[in-house]
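> All I have is the shape, not the residue letters:
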């Protein structure tokens with residue numbers, strides 16, 4: 001067993017809170033943490049834990065809480081808390097279909113625009129009562145025809161200028177950005193910036209696969225398929241390589257034998273361009289011609305004297321609903337959009353570094369101790385970013401003071417009930433009593449959120465296990481879930 005130099009500090013934290021926290025439960029919790037810290041699993045790694053009382057801000061338990069480590073997706077708690085505090089749960093993103101010309105007879109003498117304001121859910125099928133991508137395209141075509149337009153002399157243009165042109169963080173890795181979870185952020189997002197790739201597996205492991213196409217169809221993308229067949233039940237082990245700077249896609253890795261068709265998800269290299277392409281394609285199919293004549297675009301060096309005329313205004317689901325989906329299902333696109341949205345509101349800049357600095361300054365200015373808080377995005381995808389568990393629990397405590405806290409609290413999945421933590425700790429006292437965001441990137445497992453103690457106090461917590469024994473994902477998850485279950489006994 002390794003000697004733990006933090007024992008006396010832990011003992012102090014325990015004694016300081018003994019009057020309101022069950023001392024036996026706290027000892028059991030501490031023993032479980034130290035057992036994991038001193039285990040072979042963590043011999044070459046770091047375990048960091050912070051538990052605090054939300055109202056008082058005092059420590060209940062801390063182990064290496066000021067060590068800066070990768071946050072993984074627990075960073076989404078910061079992104080969602082920030083936008084809810086800045087904009088409120090009722091906020092809705094808006095997207096406009098508009099033109100900059102005049103309509104004479106049935107001809108639009110001008111360009112048609114899809115003007116986005118950053119909505120990450122535009123065209124998503126997650127929200128009941130809101131149009132999915134195909135339905136939204138049909139709605140826009142109908143709006144054009146309702147305006148009496150049967151011929152567009154100019155172009156169909158995607159206006160993604162609401163955000164900067166940096167769609168992905170410079171610190172994301174090459175093996176992530178072509179996959180759906182590495183989708184870039186634009187001022188005009190569409191269909192969650194993803195597409196489905198369909199394969200027919202071979203019969204035996206090692207056999208080549210057959211590339212069957214993608215959905216939705218994006219004919220200007222080119223694919224090189226190097227995916228092979230693996231054993232039945234091996235799951236999706238593909239890597240999609242693509243870049244926001246081009247349209248070539250390389251497919252590598254393996255898919256399992258067995259299914260007649262196996263689908264994986266990739267990120268659309270330029271989703272704004274795809275949205276314009278899809279609208280133009282459907283306009284042509286609906287007998288609305290597009291001339292593609294070079295009419296000056298608004299904002300170009302040659303000023304267009306005509307103001308924009310709105311043909312359709314689309315409102316997104318309320319921000320509280322978007323934040324809930326973000327935290328329940330760990331959607332990187334939404335969280336990174338929220339970072340850019342916050343940066344634009346706070347400092348007028350939406351580039352990743354500018355927005356990250358703005359968000360850090362925002363919480364620091366409200367009293368959170370953010371030493372060791374070095375974020376690079378809003379999702380936690382960047383492996384070079386790091387935070388401390390102490391800084392995250394500080395932010396969670398400050399967020400409790402916001403009028404939007406109820407929306408934020410409800411946006412976090414409930415352990416053993418829903419979201420990415422729905423299958424964890426079932427049958428324990430923690431199930432149904434902890435609001436938890438999970439996080440996972442290579443070599444890191446993390447959990448953070450809130451738990452109500454037996455005395456009725458709301459506690460904030462953050463746990464990060466970094467560089468644990470390779471190949472021990474299931475074992476480390478079980479150990480961390482055990483610690484959370486004991487936390488619910490405090």
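Looks like it came in fine. Note that the structure is predicted; figures quoted are calculated from it, not measured.

> can you tell me which residue is nearest the centre of the chain?
Nearest to the geometric centre of the chain sits residue 332, at 1.9 Å (C-alpha atoms, centre = their mean).

> Distance-wise, check that residue relative to residue 480.
22 Å (C-beta to C-beta, to the nearest Å). Every residue, glycine included, has its C-beta placed from N, CA and C.

> quick one: the strands in the stretch 151-300 of the chain?
In the stretch 151-300 of the chain, the segments counted as strands under DSSP state E, counting those that start in this stretch are 151-152, 156-159, 194-200, 210-215, 222-225, 228-230, 237-241, 248-256, 262-267, 289-290.

> Please work out which of the ones you listed is packed deepest.
Of all the strands of the stretch 151-300 of the chain, strand 156-159 has the most neighbours on average by mean count of other C-beta atoms under 10 Å, namely a mean of 22.

> Contacts for that one next, please.
111-116, 187-188, 272-273, 275-276, 279-280, 283, 290, 297 (C-beta atoms under 8 Å, 6 or more residues apart in numbering).

> Report the contact partners of residue 409.
435, 450.

> and it, that one's in a helix?
Yes: under DSSP: H, G, I helix; E, B strand; the rest coil, residue 409 falls within a helix.

> counting contacts, what elements does the helix or strand residue 353 falls within pack onto?
In the assignment (DSSP states H and E), residue 353 maps to helix 352-365. Using 3 or more C-beta pairs under 8 Å, 6 or more residues apart in numbering; DSSP states H and E as the contact test, the elements touching helix 352-365 are helix 76-87, helix 332-347, helix 389-399.

> could those helices be laid out in a markdown table, adding distance to residue 443?
What follows is these, written out as a markdown table (distance: least, C-beta to C-beta, whole Å):
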| stretch | distance to residue 443 |
| --- | --- |
| helix 76-87 | 19 |
| helix 332-347 | 18 |
| helix 389-399 | 17 |
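
> The closest residue to residue 472 other than its chain neighbours: neighbouring residues, count only.
Nearest residue to residue 472 in three dimensions, chain neighbours excluded: residue 41, at 5.7 Å (C-beta to C-beta, 6 or more residues apart in numbering). Per other C-beta atoms under 10 Å, the neighbour tally for residue 41 reads 17.

> Could you look up the SS state of residue 41?
helix.

> Verify the contact between it and residue 469 for me.
Yes: checked against C-beta atoms under 8 Å, the pair residue 41 and residue 469 is within contact range at 4.9 Å.

> Now do the shared contacts for the two.
In terms of C-beta under 8 Å, 6+ apart, residue 41 and residue 469 are both contacted by the residues 475-476.

> you'd agree the residue nearest to the centre of the chain is up against residue 379?
Yes: taking C-beta under 8 Å as the definition, residue 332 is a contact partner of residue 379 at 3.8 Å.

> Need the residues touching each of these two.
residue 73.

> Point me to the helix or strand that includes residue 486.
helix 473-487.

> other SSEs contacting that helix?
Using 3+ C-beta pairs under 8 Å, 6+ apart, helix 473-487 sits against helix 23-37, strand 434-441, strand 444-452, strand 458-466.

> What residues of it count as buried?
476-477, 479-487 (16 or more other C-beta atoms under 10 Å).

> Pipe those into CSV and attach pLDDT per row.
Below are those laid out as CSV (pLDDT from 0 to 100):
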residue, pLDDT
476, 97
477, 97
479, 97
480, 98
481, 97
482, 96
483, 97
484, 96
485, 95
486, 95
487, 95
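
> Out of the helices and strands packed on helix 473-487, which is closest to residue 407?
Ranking the helices and strands packed on helix 473-487 by their distance to residue 407 (criterion: C-beta to C-beta) puts strand 434-441 first, at 12.4 Å.

> Quick check: mean pLDDT of that closest one?
Computed over strand 434-441, the mean pLDDT rounds to 97.

> Just checking the distance from it to the centre of its chain.
13 Å (C-alpha atoms, centre = their mean, to the nearest Å).

> That strand to helix 473-487, inter-axis angle?
For strand 434-441 against helix 473-487, the angle by axes from the mean of the first three to the mean of the last three C-alpha atoms, to 10 degrees is 160 degrees.

> Low-confidence stretches in this protein?
1-19, 294-306 (pLDDT under 70).

> Show me the domain layout of it.
Split into domains by automatic domain parsing, the chain comes to 7-89+320-487, 93-317.

> deepest of the ones you listed, which one?
Buried most deeply of these, by mean count of other C-beta under 10 Å, is domain 7-89+320-487, with a mean of 21.

> hang on, the earlier thing: of the helices and strands packed on helix 352-365, which is nearest residue 248?
Among the helices and strands packed on helix 352-365, helix 332-347 sits nearest to residue 248 (C-beta to C-beta), with 21.9 Å.

> which other helices and strands contact that closest one?
By 3+ C-beta pairs under 8 Å, 6+ apart, helix 332-347 packs against helix 76-87, helix 319-329, helix 352-365.

> mind giving me TSV with those and columns for distance to residue 137?
Below are the helices and strands packed on helix 332-347 laid out as TSV (distance: least, C-beta to C-beta, whole Å):
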stretch	distance to residue 137
helix 76-87	27
helix 319-329	21
helix 352-365	30
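
> nearest to residue 453, of those?
Proximity to residue 453 (C-beta to C-beta) singles out helix 76-87 among the helices and strands packed on helix 332-347, at 19.7 Å.

> how many degrees apart are the closest one and helix 332-347 in direction?
40 degrees.

> on that earlier part again, which residues does the helix holding residue 486 contact?
For helix 473-487, the surrounding residues in contact (C-beta under 8 Å, 6+ apart) are 25, 28-29, 32-33, 36, 39, 41, 49, 51, 415, 424-425, 428-430, 434, 436, 440, 445, 447, 451, 459, 461, 463, 465, 468-469.

> Which residue of the chain lies farthest from its centroid?
residue 105 (45.9 Å).

> From start to finish, how long is stretch 154-174 in a straight line?
This stretch, stretch 154-174, spans 37 Å end to end (C-alpha to C-alpha, to the nearest Å).

> I meant to write stretch 254-271 there.
Start to finish, the residues bounding stretch 254-271 are 26 Å apart (C-alpha to C-alpha).

> How about stretch 84-92?
End to end - C-alpha to C-alpha - stretch 84-92 spans 11 Å.
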